[in-house]
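Asks: generate a structure from the sequence data that follows.
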Amino acid sequence: MTNNNNKTPSRLALSAYDSPYSRSGASGPHPTGDLYAPLRARAISTLESMGYDPQTMVERGVLWAEDQDPFGHVKQSRFSHFLGTGFHRLMESYGEFLSEDEYDDMIHARSVIPVMRKYELDIWRQVKYPDSVRVTAAGGFLFAVIDIIC
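Replies: Here you go, the predicted structure:
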């Protein structure tokens with residue numbers, strides 16, 4: 001799907017990462033295509049070759065109304081949300097090492113649990129809609145990687 005018969009992707013196509021048709025199990029391909037597929041494949045391949053854990057990887061698109069301020073900058077508080085989503089995924093990976101009761105106690109804070117003590121951001125460029133953020137773990141640390149479609 002393009003705008004005005006030119007090669008520029010439509011805004012709907014740029015936010016296709018939020019559609020259930022962008023996920024496996026959909027009845028067919030996404031109606032606007034998956035503009036992120038080449039970037040996603042390259043990012044995942046690069047991250048895996050660098051030792052990042054593919055099982056804890058989580059991807060989230062930047063949402064126009066929720067994640068940005070009126071000037072189009074992703075709010076600083078949203079980065080902690082992105083990392084928190086990755087942290088939860090990392091905690092879910094502990095399930096293979098714990099009994100069901102131990103895992104439930106950890107998730108419901110009835111036992112000793114890992115916590116995120118701090119996070120540090122090195123922002124090299126503006127993150128904005130419709131970028132996609134991928135959070136993954138390596139060596140006990142969480143890292144965020146940004147995909148850019150422009």
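Asks: can we go C-alpha only for contacts and neighbour counts from here?
Replies: Noted.
Asks: so for the helix or strand in which Glu48 is found, mean pLDDT?
Replies: Per DSSP states H and E: Glu48 is located in helix 37-49. In this model, helix 37-49 has a mean pLDDT of 83.
Asks: likewise stretch 94-110?
Replies: Rounded mean pLDDT across stretch 94-110 is 84.
Asks: got the contact list for it?
Replies: For stretch 94-110, the surrounding residues in contact (CA atoms under 8 Å, 6 or more residues apart in numbering) are 91, 111-113.
Asks: select from these every entry located in helices.
Replies: Met91 (DSSP state H).
Asks: tell me which element the residue nearest the centre of the chain is part of?
Replies: In the chain, the residue lying closest to the centroid (CA atoms, centre = their mean) is Glu59, at 2.3 Å. Here Glu59 sits within strand 58-61, counting by DSSP H and E.
Asks: got a list of contacts for that strand?
Replies: Residues from elsewhere that reach strand 58-61 (CA under 8 Å, 6+ apart): 15, 17-18, 82, 85-86, 89, 129-136.
Asks: change it to 7 Å
Replies: Contact with strand 58-61 is made by 17-18, 86, 130-136, as judged by CA atoms under 7 Å, 6 or more residues apart in numbering.
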